[in-house]
Each structure stands twice: as structure tokens, then as C-alpha cells.
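> okay, structure incoming, though there's no sequence with it:
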């Protein structure tokens, strides 16, 4: 395979604005789910995925890979003093959630994540499988 | 009587919505479906002795955000740049808003301008606007005194 293209399929199940939020799990709180905006670009060694997660911290952010689904989830607590009363709202406080389907060309063992100034940067290196490997033949 | 005249009286965003807040020279249009017309999105809270104005500015650093107060006008501006050296053809997806932005908020005269402070953490800017002395909730002691006769018709 020459220069394989890494595929990240972006799940398109976005919450519909104004529609009811994701079904609450019994026993869990019902914070709204926010779909963070992302950029994906191709670098020399693989894909870089960046997601805007303002307010997320390393403590409340989870990035998980299950089978071929990479998901990010940040459980947000309002960073406000107790008793602060909302007077005007342009963004909602809620939990960030988004999932991606990885193609086979991503080296899943070398995925790295970094959170800086509310931006998550995921590096998805290209798997080496595409490279020619010389196999010694023993006689 | 919770109908403080100012539960509805002052709204700095009414002015913003008219024309001031907008993304200037955006490289990318906002993704379809995101109803954000202004950038950065802001929330506004009453926290007792002060107001809190928060703005979502992921990817910025504090030295990239210019915050000025002049009279009753608070202005926020900056530029969010894409990483350099990455051609457009490399992008598979661009949803994040980028570009120069600016917002202006009119402060109420109830804010003590000299005491305004701001902090930036994790992509969220928080501006604390202390209420001027006269606007703070005050506790007024009720004392026993030579009473005025209760007026008939006014209960309690």
C-alpha cells in the first residue's frame, strides 16, 4: 500500500438544536451534551484532530478507544461561584461528547492526546504496515 | 417583589446584538447549524457583589486577548490563527471558528470600573465586574424604636 490515506470517519449524529437532549441514563445527571467543533488535518506522519473544549481539564476529559471508535468525553462542572445567577446565555454549559470511527491505517497504540488552553489535540499516527518490510529467509 | 427594575432593565447584549459583536474577517464561516452569530459566545451572571462575564476562547492565550475598558465600554478583541504551514488542502474538516474577532459590551453604571479584573484558564475568560457600592445588596438592620403607627390598609 503506497501512502495509505488514514480515514477518520466523523460521526454525524449531532444533536439537533432545540431538540431534546440525549436520553438521560438512569441515575446520571442530565447535563446537556455539547458536540464540540473539530478540525482534522493531515500531517507528515498521520492525522491531527483538534477539538475545542473550553473549560475542559485533564481531570474531567476522557479519550477512549474501543474497537475502532475513538470517543472523547468531558464531564463539565460549572466553574462558577455558588449562587451565581445566569442573566444572559450565549453558550450552554454541558458535557462534551463526540466520537470518531478510525480507519485501519491509524496506529492505535501510538495515539497521543494533549490538552492546551481548552483545545484537545489528538495525534493519530499512520500505521507502519504500509511500509515494505524485508523478511529474512533462513535457509 | 422580585421585579427589580433591572432584572430586565440593563442588558449589555441588546446593544451587542444590534451590530457590535461579530467575527471580523473570519477565515472560515461558522459551520452550518451552529447558531452562533457572535464570537466569542459569552455568558453573564449575577454573583451577588459582582457580575461575571465569561467568554469561550479556546486556543487563545491570555496575552493574545486584548481587554480594554473605556468609560462604560468594555472591548474584547483578538485573533485566533490557524497553525501555520498547513495548507488548506491538508484539512479534512474545519469546523472551528478562526480569524479576527471583537466584541463590545456596555457596562452599567453599577459597576466599579476600577476594580474590574479578568482571568483566563482552559480557554475560558472570566471577567469579574464588582458592583459599585451603591448597587450592592445591603443589610439594613431593623431596630426597635419609637414606632410609627401602622397605617390602616397596609398589612404587615
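Good, I have the coordinates. In this text the structure is predicted, and so the values were computed from the model without any measurement.

> ok, now which ones touch residue A:87?
Going by Cβ atoms under 8 Å, 6 or more residues apart in numbering or on different chains, residue A:87 touches B:44-46, B:51. Using the backbone N, CA and C atoms, a C-beta is placed for each residue, glycine as well.

> and those residues near chain A, which?
Counting by Cβ under 8 Å from any Cβ of the partner chain, B:44-46, B:51 from the contacts of residue A:87 sit close to chain A.

> quick check: residues of chain A near chain B?
So chain A meets chain B at A:8, A:10, A:14, A:17, A:37-43, A:47, A:50, A:52-57, A:79-81, A:83-91, A:93, A:116-119 (Cβ under 8 Å from any Cβ).

> show me where chain A has strands.
A:8-10, A:33-34, A:38-42, A:46-52, A:61-66, A:69-74, A:85-89, A:95-102, A:112-116, A:119-125 (DSSP state E).

> over to chain B?
With DSSP E as the criterion, chain B has strands at B:22-24, B:42-46, B:50-56, B:65-70, B:73-80, B:91-94, B:99-106, B:117-121, B:124-130.

> need the winner for burial among those strands.
Among the strands of chain B, strand B:50-56 has the highest mean neighbour count (mean count of other Cβ atoms under 10 Å in any protein chain shown), at a mean of 23.

> which other helices and strands contact it?
Secondary-structure packing of strand B:50-56 (3 or more Cβ pairs under 8 Å, 6 or more residues apart in numbering or on different chains; DSSP states H and E): strand B:42-46, strand B:124-130.

> so what touches the longest one?
With Cβ under 8 Å, 6+ apart as the test, strand B:124-130 has contacts from A:54-55, A:79, A:118, B:40, B:49-57, B:65, B:67, B:74, B:76, B:107, B:111-112, B:115-120.

> I'd say residue B:103 and residue B:41 touch.
No. Taking contacts as Cβ atoms under 8 Å, residue B:103 lies outside contact range of residue B:41: 9.6 Å.

> wait, what's in contact with the spatially most central residue of chain A?
Centroid check for chain A by Cα atoms, centre = their mean gives residue A:72 as the closest residue, at 3.9 Å. By Cβ under 8 Å, 6+ apart, residue A:72 lies in contact with A:36, A:51, A:53, A:61-64, A:96-99, A:120, A:122.

> lowest average confidence, helix or strand, in chain B?
Lowest by mean pLDDT, DSSP states H and E among the helices and strands of chain B is strand B:22-24, with a mean of 40.

> grab the nearest non-local neighbour of residue A:52.
Nearest non-adjacent residue to residue A:52, counting by Cβ to Cβ, 6 or more residues apart in numbering or on different chains: residue B:58, 4.2 Å away.

> what is the burial count for residue B:40?
Using other Cβ atoms under 10 Å in any protein chain shown, residue B:40 has 27 neighbouring residues.
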